[in-house]
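**Student:** Fold the following for me, if possible:
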Amino acid sequence: MTKNQQIQLLVIISTLLAGCATGSGGAPSSAMPALNMAALTVCEPLQTTDFAFTSSADGDGDIYLYQASTASIVKITDNDVQDHWATWSQDGRTLAFHTLRDGNREIYARVLPNGVAVNMSQNEEQDLLPSWSPNGNYLVYYSSRDVPWSGTGPIGGNLYVMRVQGSVVGRIQTDAFVSPSAIAWSLESTTLFYARYGTGKEGIYALDLKTGEETAMLALEGKLPGIASVNPAEGTVDYYVDEDGVVDIYQLSLADGISRKLTPGVGKHFYAAWSPDRSALLVTSAQDEEGQNYDIRCMAADGSYDVPVINDLSDARSAAWRPGIQ
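**Tutor:** Coordinates of the predicted model:
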């Protein structure tokens with residue numbers, strides 16, 4: 001069987017499965033995110049690699065898993081509250097995410113496929129935006145435990161790190177954030193990259209975990225920056241900038257400080273995940289029309305294609321390719 005025949009068979013199988021699919025809690029097929037099957041013939045990593053993402057298809061935010069082997073989507077969490085921001089362990093067997101299931105945002109982790117979700121952060125304040133280190137040993141996240149949240153507006157706080165084995169928690173950044181975005185790791189798991197805005201500190205920063213030294217990598221005065229990708233290529237940092245309602249993703253070279261644009265320059269593009277072979281990105285995007293919900297699109301690293309992957313009427317965002325398992 002040729003590769004194209006295999007893809008066509010997956011399309012047929014996925015269509016049949018969609019007619020009777022339910023989530024882990026018995027959600028009807030109408031509550032499942034819709035996969036654009038045409039994307040499989042364009043975005044080649046979709047043929048071999050799973051990815052997790054958040055969707056509001058059932059009315060609230062839950063985490064779903066696209067499975068490349070069957071070109072299908074299964075539901076990973078099933079709650080009446082928001083579960084968001086999935087991040088994978090290095091071996092691709094465990095998902096961490098933040099959730100409101102306890103009344104406040106907590107970091108949970110679940111071994112797939114049948115593990116029980118475990119509360120890793122266990123704190124009464126807001127713990128959010130987890131990012132798993134490439135070496136698999138640590139989860140870093142934001143916490144408002146030292147800067148209590150009022151319940152409205154941006155959630156400020158500090159960076160915290162947790163050793164996955166033993167759940168030892170410690171604060172690693174002393175200056176509080178006005179509002180957090182994603183956190184990226186260096187490949188050696190020794191440096192964190194993050195964005196700041198407000199109080200004249202707008203820009204991209206690096207934190208050396210060995211020395212505790214914070215370095216400003218790129219000044220973006222008067223703009224609203226954020227980290228776009230938690231798995232950047234070696235020697236780079238991916239970030240987004242909101243300029244007059246247009247949000248684009250850029251790649252910053254740490255060697256020469258030069259940035260290049262990764263997204264089309266139309267609409268809003270916030271978060272991106274590089275495929276394991278670095279040939280494509282899954283991008284959280286709203287570019288088709290004004291006011292639309294966010295979609296997940298696959299964009300070629302060389303700009304040769306840009307195709308919607310999850311683009312139904314619900315809100316889909318924050319895709320994360322699954323490492324280690326193909």
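
**Student:** Next one: Tyr239 from Asp50, what distance?
**Tutor:** Going from Tyr239 to Asp50 by Cβ to Cβ, to the nearest Å gives 26 Å. Backbone N, C-alpha and C define where each C-beta goes, glycine included.

**Student:** okay, the two: which has more neighbours?
**Tutor:** Neighbour tally, Tyr239 and Asp50, criterion other Cβ atoms under 10 Å: the higher count belongs to Tyr239, 30 against 20.

**Student:** quick one: what helix or strand has the more buried one in it?
**Tutor:** Using DSSP states H and E, Tyr239 sits within strand 236-243.

**Student:** Just checking: what are the partner strands of that strand?
**Tutor:** Its sheet considered, strand 236-243 pairs with strand 224-227 (antiparallel), strand 246-253 (antiparallel) by DSSP bridges.

**Student:** after the helix or strand bottoming out on mean pLDDT in the chain comes which helix or strand?
**Tutor:** Using mean pLDDT, DSSP states H and E, the weakest-scoring helix or strand in the chain turns out to be helix 3-18, at a mean of 42. Using DSSP H and E, the helix or strand that directly follows helix 3-18 along the chain is strand 51-55.

**Student:** Is it correct that Val81 is in contact with Arg105?
**Tutor:** No. Under the criterion of Cβ atoms under 8 Å, Val81 makes no contact with Arg105, lying 9.9 Å away.

**Student:** where do the contact lists of the two overlap?
**Tutor:** Shared contacts of Val81 and Arg105, defined by Cβ atoms under 8 Å, 6 or more residues apart in numbering, comprise Thr99.

**Student:** Mind checking which of the two has more residues around it?
**Tutor:** When neighbours are counted by other Cβ under 10 Å, Val81 and Arg105 differ, and Arg105 comes out ahead with 26 against 15.

**Student:** The more buried one and Asn137, how far apart?
**Tutor:** Computed as Cβ to Cβ, the Arg105 to Asn137 distance reads 23 Å.

**Student:** same thing with Arg163?
**Tutor:** Distance, Arg163 to Asn137, by Cβ to Cβ: 6 Å.

**Student:** try Asp80
**Tutor:** 33 Å.

**Student:** out of those two, which sits in the busier spot?
**Tutor:** Per other Cβ under 10 Å, whichever of Asp80 and Asn137 has more neighbours is Asn137, with 15 against 10.

**Student:** Contact partners for that one?
**Tutor:** Contacts of Asn137 by Cβ under 8 Å, 6+ apart are 163-165, 189.

**Student:** Now which of the residues you listed would you call buried?
**Tutor:** Listed as buried from these are 164, 189; burial here means 16 or more other Cβ atoms under 10 Å.

**Student:** out of the contacts of Asn137, what pair is the most spread apart?
**Tutor:** Farthest-apart pair in these is Gln165 and Ser189; separation 14.5 Å (Cβ to Cβ).

**Student:** Name all residues that make contact with Tyr138.
**Tutor:** Contact partners of Tyr138, counting by Cβ under 8 Å, 6+ apart, are 132, 161-164, 189.

**Student:** want to throw these into CSV with distance to Lys201 and pLDDT?
**Tutor:** Below are the contacts of Tyr138 laid out as CSV (distance: Cβ to Cβ, whole Å; pLDDT from 0 to 100):
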residue, distance to Lys201, pLDDT
Trp132, 26, 96
Val161, 21, 92
Met162, 26, 92
Arg163, 29, 91
Val164, 31, 89
Ser189, 25, 94
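
**Student:** mind listing which of those are in strands?
**Tutor:** 132, 161-163 (DSSP state E).

**Student:** Of those residues - the most surrounded one?
**Tutor:** Trp132 (27 neighbours).

**Student:** which SSE is the closest residue to that residue other than its chain neighbours in?
**Tutor:** Counting by Cβ to Cβ, 6 or more residues apart in numbering, Trp132 lies nearest to Thr87, which is 4.6 Å off, once chain neighbours are set aside. Using DSSP H and E, Thr87 sits in strand 83-88.

**Student:** Tell me which helix or strand comes right after that strand.
**Tutor:** With DSSP H and E setting the assignment, the helix or strand that follows strand 83-88 is strand 94-99.

**Student:** What lies in contact with that next one?
**Tutor:** With contact meaning Cβ under 8 Å, 6+ apart, strand 94-99 is reached by 52, 63, 76-77, 79, 81-89, 105-112, 115, 117, 120, 127-130, 132, 139, 141.
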